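Chemist: got a sequence here, can you model it:
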Amino acid sequence: MKKSLLFLLITITVGISNNVKAQLFLGEAFFGLNMCQVDGDQMMGFYKKGVHAGVGVMTPVFQKRNFTIDLSLEVLFNQKGAEQDKKYDGSDIDPETGHPITGQYDLRLNYGEVPLMVYFTDKKFASVGVGASYARLMSLKEFEQGYETDVTLNSGEYSRDEFNILAEVKIRVWKRLKLAARYSYSMNPIRTRSFTDIEGVVKGPYDQYNNMFTLRLSYVFNEKLEDLKREEYHYQGDNPKFINKENERALKRMQRKTEREARRNK
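Modeler: The predicted structure follows:
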């Protein structure tokens, strides 16, 4: 899986480089923070933090005036899981492990993920996206009561394959840089497990699902900045004030270009 993910990353990166001047495909890079929990593990709260990083390509499939529909394919590294701080003083002992019961828990799941998204963009400023993804579990670690368990990638407790539904809201913050908030939820259980509470009562089995919010930045490599008009993404419409300022800036750019060419020709 790691070799396949690396090959796909290289392929997309090469595609981005080969299409620097083209607008059929736009190359993107992503970096952000995941806030995670696992539904069905008897703990609440998005306390687990993880890295979100990757690359992607986007292509427009429909455009009319200031409204566009784009398709996006990404290759991501996503850290997911769950975390809980100490809840008990440790005076009770787990009879199975011999460890003091503190309630501490830490689950670290590393995925290679490939999302396919559809984005609806208004005035090249705000986008809403929906889609789905396939994720492959690459590594994991689990800690209970502060001690690492014997659960491994190959021990069979966790599903290696995960399918997710995704929703996202994205805005342009500066030129090619965009800020997005994404939500994802696994459609298939990542694990089925029973629990023994502090009183020795067995509860379950429960299906567990990844539940995650992501705050991320995306940078579009080869988007044409001249297509972005100030009045479009500040919702100023046909306000002459902003149109005149844009015309003034364009005139100054032309003058500077003419001056540079004249200096080179001397």
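
Chemist: for Tyr134, which non-adjacent residue is closest in space?
Modeler: Val114 (5.3 Å; C-beta to C-beta, 6 or more residues apart in numbering). For every residue, glycine as well, the C-beta is placed using N, CA and C.

Chemist: read off the pLDDT value for the nearest residue to Gln84 once chain neighbours are set aside.
Modeler: Spatial nearest neighbour of Gln84, excluding adjacent residues (C-beta to C-beta, 6+ apart): Tyr105 at 4.4 Å. With respect to pLDDT, Tyr105 scores 93.

Chemist: could you do Arg108 as well?
Modeler: According to the prediction, Arg108 has pLDDT 97.

Chemist: repeat that for the one 3 residues further on.
Modeler: Note on Tyr111: pLDDT of 98.

Chemist: for it, what are its contacts?
Modeler: Shown in contact with Tyr111 (C-beta atoms under 8 Å, 6 or more residues apart in numbering): Leu76, Phe77, Asn78, Gln79, Lys80, Ala135, Arg136, Leu137, Met138, Glu162.

Chemist: confirm it sits in a helix?
Modeler: No: under the criterion used here (DSSP: H, G, I helix; E, B strand; the rest coil), Tyr111 is strand, not part of a helix.

Chemist: what sits closest to it if chain neighbours are left out?
Modeler: The nearest residue in space to Tyr111 (C-beta to C-beta, 6+ apart) is Ala135, at 4.3 Å.

Chemist: so who does the one you found touch?
Modeler: Counted by C-beta under 8 Å, 6+ apart, Ala135 has contacts Asn78, Tyr111, Gly112, Glu113, Val114, Asp161, Glu162, Phe163, Asn164, Ser186.

Chemist: 6 Å instead, please
Modeler: Going by C-beta atoms under 6 Å, 6 or more residues apart in numbering, Ala135 touches Tyr111, Glu113, Glu162.

Chemist: where's the last one relative to Arg249, distance?
Modeler: Relative to Arg249, Glu162 is positioned 48 Å away (criterion: C-beta to C-beta, to the nearest Å).

Chemist: who has more neighbours out of these two?
Modeler: Under the criterion of other C-beta atoms under 10 Å, the comparison of Glu162 against Arg249 puts Glu162 first, with 24 against 11.

Chemist: the host helix or strand of that one pairs with which strands?
Modeler: Secondary structure from DSSP states H and E places Glu162 in strand 161-174. Each strand paired with strand 161-174, and its direction, by DSSP bridges: strand 126-144 (antiparallel), strand 177-186 (antiparallel).

Chemist: any chance of these in JSON lines, plus mean pLDDT and distance to Asn34?
Modeler: Compiled in JSON lines, the strands paired with strand 161-174 are given as follows (pLDDT from 0 to 100; distance: least, C-beta to C-beta, whole Å):
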{"stretch": "strand 126-144", "mean pLDDT": "96", "distance to Asn34": "12"}
{"stretch": "strand 177-186", "mean pLDDT": "97", "distance to Asn34": "9"}
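
Chemist: right, and those strands - which one's nearest Arg193?
Modeler: strand 126-144 (10.8 Å; C-beta to C-beta).

Chemist: output that closest one as PDB - backbone C-alpha positions only.
Modeler: Output in PDB follows, covering the C-alpha atoms of strand 126-144 (Å, rounded to 0.1, in the frame of the first residue of the first chain):
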ATOM      1  CA  ALA A 126     -16.700  30.300  -1.900                       C
ATOM      2  CA  SER A 127     -17.100  26.600  -2.600                       C
ATOM      3  CA  VAL A 128     -19.200  23.800  -1.200                       C
ATOM      4  CA  GLY A 129     -18.000  20.300  -1.900                       C
ATOM      5  CA  VAL A 130     -19.300  16.700  -1.400                       C
ATOM      6  CA  GLY A 131     -17.800  13.400  -2.100                       C
ATOM      7  CA  ALA A 132     -16.500  10.000  -1.000                       C
ATOM      8  CA  SER A 133     -13.100   8.500  -0.300                       C
ATOM      9  CA  TYR A 134     -11.300   5.200   0.000                       C
ATOM     10  CA  ALA A 135      -8.800   4.900   2.800                       C
ATOM     11  CA  ARG A 136      -6.200   2.100   3.600                       C
ATOM     12  CA  LEU A 137      -5.000   1.600   7.100                       C
ATOM     13  CA  MET A 138      -1.200   1.800   7.000                       C
ATOM     14  CA  SER A 139      -0.200   1.600  10.700                       C
ATOM     15  CA  LEU A 140      -1.700   1.800  14.200                       C
ATOM     16  CA  LYS A 141      -0.900   1.900  17.900                       C
ATOM     17  CA  GLU A 142      -3.300   1.500  20.800                       C
ATOM     18  CA  PHE A 143      -2.700   2.400  24.400                       C
ATOM     19  CA  GLU A 144      -5.000   1.500  27.300                       C
END
